[in-house]
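K.L.:
how would this look folded up:
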Amino acid sequence: MAQTTSGAGLPKGFRGAEQGWPELHRIPHPPHRLPLLGDVLGADRRTPLQDSMRHARALGPVFRRRAFGKEFVFVWGAELVADLADEARFAKHVGLGVANLRPVAGDGLFTAYNHEPNWQLAHDVLAPGFSREAMAGYHLMMLDVAARLTCHWDRAQAAGRTVDVPGDMTKLTLETIARTGFGHDFGSFERARPHPFVTAMVGTLTHAQRLNTVPAPLAPYLLRGASRRNAADIAHLNRTVDDLVGARRTAGGGGGTGDLLDRMLEVAHPETGERLSPENVRRQVITFLVAGHETTSGALSFALHYLARHPEVSARARAEIERVWGDAPAPGYEQVAKLRYLRRVLDESLRLWPTAPAFAREARQDTVLAGKHPMRPGAWALVLTPMLHRDPEVWGADAERFDPDRFDAQAVRARPPHVFKPFGTGARACIGRQFALHEATLVLGLLLRRYELHADPDYRLKVTERLTLMPEGLRLRLERRTGPAAPPPQSAPALRVPDQKDGSGLRCPVAGAGD
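P.N.:
Numbering: from 1, shown residues only. Presented below is the predicted three-dimensional model:
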């Protein structure tokens with residue numbers, strides 16, 4: 001369904017559930033619905049996903065919520081979600097939260113509508129950039145960036161300071177996608193504050209979330225100041241990417257044999273000969289920089305939270321790391337995939353808190369969802385992934401409990417398909433999922449081998465929502481372990497540079513980092 005953003009704050013052509021679900025009255029909604037306002041009692045605009053999870057537990061596997069005159073259908077039951085995964089009858093729907101990012105990402109891979117030709121063009125051009133061969137090439141750069149993180153954490157540990165897990169994971173994943181995809185270095189670990197790109201990115205994500213929490217006709221008035229800040233954030237993202245692309249054009253591309261940016265600039269579609277336009281290149285770069293690090297940083301942060309809270313799990317994962325990697329200072333590419341138990345830890349963290357916590361599906365034709373709920377073409381539903389991952393019919397009565405053994409091979413084979421969806425579903429699922437999983441498994445392995453992780457006993461998990469999910473205020477105390485040394489630098493020796501805290505320090509070993 002084609003949609004563009006209207007001046008009233010809603011995508012043009014937006015369809016409320018009352019337009020696409022003929023038997024909407026059969027779907028339950030929260031009690032105490034208010035005229036005009038809808039189901040807003042007890043709602044917190046900062047935590048709309050967690051509010052919806054609370055309603056899901058009370059109302060069941062399909063329910064609806066009304067806000068400011070618009071009705072939405074939410075789905076999380078495994079049977080219903082499996083039906084929505086049928087690509088012949090359903091397709092990706094660019095929901096409100098995602099559509100609100102269109103001013104910055106346009107028809108990039110994540111925010112493109114199904115009818116927009118640039119999605120298929122970009123997908124076909126860029127998919128080889130995530131092949132096995134390409135991933136093996138990224139591995140050394142991932143090791144380089146991980147070494148910068150461990151430099152940073154070593155200094156904190158030596159000084160007796162705790163580490164800011166979400167902040168440092170954001171630095172790590174931003175530098176990883178920037179270096180592997182675009183040959184760029186933001187110098188995140190050499191900064192006392194987040195890079196302005198990260199600040200602008202968080203601003204755009206937060207604004208997109210906030211647009212869903214005010215009445216659409218009033219948004220231009222209630223969010224006037226916020227809209228100006230959002231416009232400034234978008235302008236900064238655009239300038240940053242334009243400078244990055246301009247530098248690559250000036251230096252000359254790699255003939256299509258290099259990184260993702262080389263592919264965007266140099267490679268034509270193998271069948272049609274089409275190339276990405278300069279505007280679409282900008283949109284794809286922004287999409288990869290934002291989506292390529294924001295969700296992975298959250299996944300790493302949640303996994304580190306659970307590892308610190310479950311020392312028995314950490315010990316078991318660490319024993320596997322020592323068995324598979326041995327005394328080698330740095331693991332090879334093939335050795336990362338052999339960490340099967342550590343991968344279960346990551347999957348279980350993504351089960352409980354998938355950092356991209358929802359995806360929307362729309363009907364391609366008249367159909368009946370799971371044989372129960374009629375839907376017209378264009379009717380859509382929002383899948384609540386954290387609740388799908390907690391469906392007791394699939395995951396058992398203890399679905400809230402952290403247990404990596406849910407993902408051993410036998411347990412996975414015993415479950416039905418389409419019950420674990422941290423990367424979306426179908427043709428429009430995340431193109432970079434293997435990149436993210438390799439990066440996250442590698443980093444967790446390196447950190448567990450190097451440190452004992454100690455949680456603050458008074459910390460209680462609080463989840464921040466900005467379209468993606470992140471643990472709020474998570475800090476860990478580190479204890480340096482004896483064992484193999486840190487990964488050696490892959491590209492340059494360590495450099496001494498002034499440190500912003502103590503006057504001098506060991507610069508993390510990456511050529512040209514932070515120039």
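K.L.:
quick one, helices of the stretch 401-515 of the chain?
P.N.:
Remark: helices assigned in the stretch 401-515 of the chain by DSSP state H, counting those that start in this stretch are 409-414, 433-450.
K.L.:
which one of those helices lies closest to Arg283?
P.N.:
Of all these, it is helix 433-450 that lies closest to Arg283, at 19.1 Å by Cβ to Cβ. (Each C-beta comes from the backbone N, C-alpha and C, glycine too.)
K.L.:
Could I get the average pLDDT for the closest one?
P.N.:
Mean pLDDT, computed over helix 433-450, is 97.
K.L.:
For Phe110, give its distance to Pro331.
P.N.:
Separation of Phe110 from Pro331 (Cβ to Cβ, to the nearest Å): 30 Å.
K.L.:
buried sites along stretch 137-144?
P.N.:
Buried residues in stretch 137-144, defined by neighbour count with 16 or more other Cβ atoms under 10 Å: 138-139, 141-144.
K.L.:
returning to what we had before: in CSV: the helices of the stretch 401-515 of the chain, plus distance to Ala299 and mean neighbour count.
P.N.:
Output for the helices of the stretch 401-515 of the chain, formatted as CSV (distance: least, Cβ to Cβ, whole Å; neighbours: other Cβ atoms under 10 Å):
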stretch, distance to Ala299, mean neighbour count
helix 409-414, 19, 9
helix 433-450, 6, 22
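K.L.:
To Pro377, which of these lies closest?
P.N.:
Pro377 sits nearest to helix 433-450 of all the helices of the stretch 401-515 of the chain, at 29.1 Å, using Cβ to Cβ.
K.L.:
tally of neighbours for Tyr113?
P.N.:
Around Tyr113 there are 19 other residues, counting by other Cβ atoms under 10 Å.
K.L.:
Which helix or strand contains it?
P.N.:
Using DSSP states H and E, Tyr113 is not contained in any helix or strand.
K.L.:
mind listing the strands for the stretch 401-515 of the chain?
P.N.:
For the stretch 401-515 of the chain, the strands defined by DSSP state E, counting those that start in this stretch cover 451-455, 463-466, 468-471, 475-480, 495-497, 505-507.
K.L.:
Nearest to Ala440, out of the ones you listed?
P.N.:
In terms of Cβ to Cβ, the element of the strands of the stretch 401-515 of the chain nearest to Ala440 is strand 468-471, at 14.3 Å.
K.L.:
Which residues does that closest one contact?
P.N.:
With contacts defined as Cβ atoms under 8 Å, 6 or more residues apart in numbering, strand 468-471 is touched by 49, 165-166, 205, 294-295, 297-298, 301-302, 305, 353-357, 461-464.
K.L.:
Just give me the residue right at the centre of the protein.
P.N.:
Centroid-nearest residue in the chain: Thr295, 2.0 Å away (criterion: Cα atoms, centre = their mean).
K.L.:
and the closest residue to that residue other than its chain neighbours, what does it touch?
P.N.:
Once flanking residues are discounted, Thr295 sits nearest to Thr355: 4.3 Å by Cβ to Cβ, 6 or more residues apart in numbering. Thr355 makes contacts with 294-296, 298-299, 302, 422, 468-470, as judged by Cβ under 8 Å, 6+ apart.
K.L.:
Need those residues in CSV (columns: distance to Glu320 and pLDDT).
P.N.:
Shown next, in CSV, are those (distance: Cβ to Cβ, whole Å; pLDDT from 0 to 100):
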residue, distance to Glu320, pLDDT
Glu294, 28, 90
Thr295, 25, 93
Thr296, 21, 97
Gly298, 24, 97
Ala299, 19, 98
Phe302, 20, 98
Pro422, 22, 97
Thr468, 29, 91
Leu469, 27, 96
Met470, 27, 97
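K.L.:
Quick check on those residues: which are buried?
P.N.:
Buried subset of the contacts of Thr355 (neighbour count, 16+ other Cβ under 10 Å): 294-296, 298-299, 302, 422, 468-470.
K.L.:
Reformat these as a markdown table; add distance to Gly246.
P.N.:
Shown next, in a markdown table, are those (distance: Cβ to Cβ, whole Å):
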| residue | distance to Gly246 |
| --- | --- |
| Glu294 | 24 |
| Thr295 | 28 |
| Thr296 | 27 |
| Gly298 | 31 |
| Ala299 | 32 |
| Phe302 | 37 |
| Pro422 | 35 |
| Thr468 | 29 |
| Leu469 | 34 |
| Met470 | 32 |
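K.L.:
tell me the two of these that are most distant?
P.N.:
Pro422 and Met470 (14.6 Å).
K.L.:
most tightly surrounded among the strands of the stretch 401-515 of the chain?
P.N.:
Highest mean neighbour count of the strands of the stretch 401-515 of the chain: strand 468-471, a mean of 23 (counted as mean count of other Cβ atoms under 10 Å).
K.L.:
ok, that one: who's next to it in the sheet?
P.N.:
strand 463-466 (antiparallel) (DSSP bridges).
K.L.:
part of a helix, is Arg45?
P.N.:
No. Secondary structure of Arg45 (DSSP: H, G, I helix; E, B strand; the rest coil): coil, not part of a helix.
K.L.:
Would you mind listing the residues in contact with it?
P.N.:
By Cβ under 8 Å, 6+ apart, the residues touching Arg45 are 210, 213-214.
K.L.:
mind running it again at 10 Å?
P.N.:
Arg45 sits next to 51, 209-210, 212-214, 465 when contact means Cβ atoms under 10 Å, 6 or more residues apart in numbering.
K.L.:
ok, now Pro417?
P.N.:
By Cβ under 10 Å, 6+ apart, Pro417 lies in contact with 78, 82, 85.
K.L.:
and after the biggest helix by length in the chain, which helix or strand comes next?
P.N.:
Identified as the longest helix of the chain according to DSSP state H is helix 278-309. Where DSSP H and E defines the elements, the next helix or strand beyond helix 278-309 is helix 311-325.
K.L.:
by contact count, what packs against that next one?
P.N.:
When contacts are defined as 3 or more Cβ pairs under 10 Å, 6 or more residues apart in numbering; DSSP states H and E, helix 311-325 sits against helix 278-309, helix 333-336, helix 340-352, helix 433-450, strand 451-455.
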